[in-house]
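Asks: Sequence plus the predicted model coming up.
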Amino acid sequence: MTANRKTLRADLKAELGPAFSDLLVSDDDFYKYEPSSYGGHSPVIFLASAGAEHPEVTKKINSEFFVEVHLLTLYKDKDGVYTEEQAADLLDDMEQRLSERVETKRVVANKWQKLSFEARSFAEPTPVGGELYLHEVVTLRASLY
């Protein structure tokens with residue numbers, strides 16, 4: 001039986017989510033899918049499937065799944081509670097937390113045999129629902145056998 005990216009996204013949320021518990025307003029702000037709206041929340045994290053490879057191997061299924069981790073924070077809040085600099089600092093802190101967590105979760109029994117970064121991340125301001133978010137996309141590769 002082949003592995004399923006849906007299961008992988010749920011597992012990634014369970015394993016990566018605790019690293020952000022003190023940065024997110026609520027655990028509900030870490031989604032295992034791309035929501036249609038963030039409801040003005042900040043920061044927000046979501047996971048998105050980003051492709052698969054299924055190389056042939058003998059006597060076992062081998063799957064390489066790619067998942068994007070989207071890190072978002074409002075660029076500047078309407079109430080002036082935090083500034084653009086604080087938003088940039090928060091995005092950097094989120095990326096660091098993700099990097100540290102991936103490093104400690106390279107192998108998770110019964111979930112994946114290898115978790116790694118696929119390429120450099122990409123960050124840019126992104127308008128969402130009339131708000132400007134700082135948005136960084138980090139691509140992970142999960143190897144499942």
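Replies: Cool, the structure landed. Numbering: from 1, shown residues only.
Asks: quick one: low-confidence ranges for the protein?
Replies: 1-2, 57-61 (pLDDT under 70).
Asks: just so I have it, where are all the helices in it?
Replies: Taking DSSP state H as the criterion, the chain contains helices spanning 5-16, 84-104.
Asks: Quick one: closest of these to Ser26.
Replies: Among these, the nearest to Ser26 by Cβ to Cβ is helix 5-16 (13.6 Å). From N, CA and C alone the C-beta is placed, and that goes for glycine too.
Asks: and Asp93, what does it touch?
Replies: Leu23 (Cβ atoms under 8 Å, 6 or more residues apart in numbering).
Asks: sorry, back to before: can you check which of the helices of the chain gets nearest to Val25?
Replies: Comparing the helices of the chain by Cβ to Cβ, helix 84-104 comes nearest, at 12.1 Å.
Asks: quick one, that closest one and helix 5-16 angle?
Replies: For helix 84-104 against helix 5-16, the angle by axes from the mean of the first three to the mean of the last three Cα atoms, to 10 degrees is 110 degrees.
Asks: residues of helix 84-104 that come out buried?
Replies: 87, 90-91, 94-95, 97-98, 101-102 (16 or more other Cβ atoms under 10 Å).
Asks: Check stretch 121-139 too.
Replies: For stretch 121-139, a neighbour-count test (16+ other Cβ under 10 Å) marks 121, 123, 128, 131, 133-139 as buried.
Asks: Now Pro43. Nearest residue, chain neighbours left out?
Replies: For Pro43, ignoring the flanking residues on the chain, the nearest one in space by Cβ to Cβ, 6 or more residues apart in numbering is Thr73 at 4.2 Å.
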